[in-house]
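Participant: Model the following, please.
(4 chains)
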Protein chains: 2
Amino acid sequence: MTENQSKKPSKSDRTRAQILEAARLLFAERGYDGASIRDVAAHASIDPAMVIRYFRSKDELFARAAVVDLKLPALRVIDRTDIGKTLIRRFLEIWEDPANGTGMAILLRSATSNEFAAEKLRDVFANQVRPLVAAVADPADAGRRAGLISSQLLGLAMCRYLLRLPPVVALSHDEIIQNVGPTLQRYAVGEDVS
Amino acid sequence: MTENQSKKPSKSDRTRAQILEAARLLFAERGYDGASIRDVAAHASIDPAMVIRYFRSKDELFARAAVVDLKLPALRVIDRTDIGKTLIRRFLEIWEDPANGTGMAILLRSATSNEFAAEKLRDVFANQVRPLVAAVADPADAGRRAGLISSQLLGLAMCRYLLRLPPVVALSHDEIIQNVGPTLQRYAVGEDVS
DNA sequence: GTCTATAATTCGATAGAC
DNA sequence: GTCTATCGAATTATAGAC
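Facilitator: Numbers count the residues shown, from 1 in each chain, chains lettered A, B, ... in the order given. Presented below is the predicted three-dimensional model:
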């Protein structure tokens, strides 16, 4: 934070990056409790003490690893009549891209048993998903609509990428877009009730 | 298993039931890793050694606690035109009933980081959800349709009961039925693609 | 049937040599 | 900057007294 604001990729930086990469991989695969500092160190081929030296504690390491930027603002200028398909396409891009998909997997894998992860996931909803919905729908309904959209998308992620339910894993991108797109379209801009 | 097939609720049986009830509550709230045998014992007001004596191991205790019977076969004789609303109503009944809701919470809370829980949840899908869908839809499509239905229902459970996303918690039963019902209806018997 | 005492691991984190 | 050695706490599980 003090010295390296421009060029040199010092050895410290590379070691730190290696630790963080190993941590992201293991947290995404096994969750917070299932990935020990010793596991992370072994996967990064360094000593466990180095993990603490660079990140102070396991909690801080997890906090650095659990960073998500869905880059949804780029979707703001879209056609309201196609928002359902646009959302589900972006969802597939995010989850099947190594960087963003890993970030979401880290949060979702631990959110059921780790309050910090749960809070971070609620933050992603409040700061990234809901504002997008508010931009295309009545702001008064945005919370409820964004909640319904999130319920479908988190459930799909659970079944396809974490729980790996065979029939959901087997779905092609086109099948997902054709089936889930209309659901999201209705949740986002369809006529609502009471 | 050997002696008590009829009447007496012996002290053993009562102790065993107390342990199991405490375990179900804590597994549902904190997940497999978060609920220790010591926690369970303390909550049942007995000694930790008793938990092992009655259930042999933590794994076996979890297996006994993670029992789910959704009682979906009772839904088989329903109108195809109303299956969406019927399913979402049954979903709300299950999750907001202390017995069944706790069972599902136990599985879902741990399924992301515990392979046994994940396998049990896949079993519930294969043996309880999918057969119901196969009874009302083309059996050739049953897996895909049941997978889509599960993605919406598990996602709703995650957002409402585990993650507790505020806008989803705030939804009334009627709002959920009105919004999610049509989604499930289309997944169950709507025209499909590719 | 219940509890005390403890074995055997595993974990996160620290101290200090080099 | 990296590693060895280890501490202290928590865990599951066992042995045995009462």
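Participant: Could you find the closest non-adjacent residue to the residue of chain A found nearest chain B?
Facilitator: In chain A, the residue that lies nearest chain B is A:Gly155 (2.0 Å; Cβ to the nearest Cβ). (Each C-beta comes from the backbone N, C-alpha and C, glycine too.) Nearest non-adjacent residue to A:Gly155, counting by Cβ to Cβ, 6 or more residues apart in numbering or on different chains: B:Gly155, 2.0 Å away.
Participant: Who are the packing partners of the helix or strand where that neighbour lies?
Facilitator: Taking DSSP states H and E as the criterion, B:Gly155 maps to helix B:142-157. For helix B:142-157, the packing partners by 3 or more Cβ pairs under 8 Å, 6 or more residues apart in numbering or on different chains; DSSP states H and E come out as helix A:142-157, helix A:166-169, helix A:173-189, helix B:83-95, helix B:98-111, helix B:130-136, helix B:173-189.
Participant: Surely A:Gln152 is in contact with B:Gly155?
Facilitator: Yes - with contact defined as Cβ atoms under 8 Å, A:Gln152 reaches B:Gly155; the gap is 5.6 Å.
Participant: Contacts for the lowest-mean-pLDDT helix or strand in chain A next, please.
Facilitator: Here the helix or strand of chain A ranked lowest by mean pLDDT, DSSP states H and E is helix A:130-136, holding a mean of 94. For helix A:130-136, contacts defined as Cβ atoms under 8 Å, 6 or more residues apart in numbering or on different chains pick out A:72-73, A:75-76, A:78, A:80, A:83, A:142-143, A:145-146, A:149, A:188-189.
Participant: Dump that helix to CSV, restricted to CA.
Facilitator: Provided in CSV are the C-alpha atoms of helix A:130-136 (Å, rounded to 0.1, in the frame of the first residue of the first chain):
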residue,chain,number,x,y,z
ARG,A,130,-30.8,-4.4,-7.4
PRO,A,131,-29.5,-1.1,-9.0
LEU,A,132,-29.6,-2.8,-12.4
VAL,A,133,-33.2,-3.8,-11.9
ALA,A,134,-34.1,-0.4,-10.6
ALA,A,135,-32.8,1.1,-13.8
VAL,A,136,-35.3,-0.9,-16.0
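Participant: Could you list the buried residues of it?
Facilitator: By 16 or more other Cβ atoms under 10 Å in any protein chain shown, the buried positions in helix A:130-136 come out as A:130, A:132-136.
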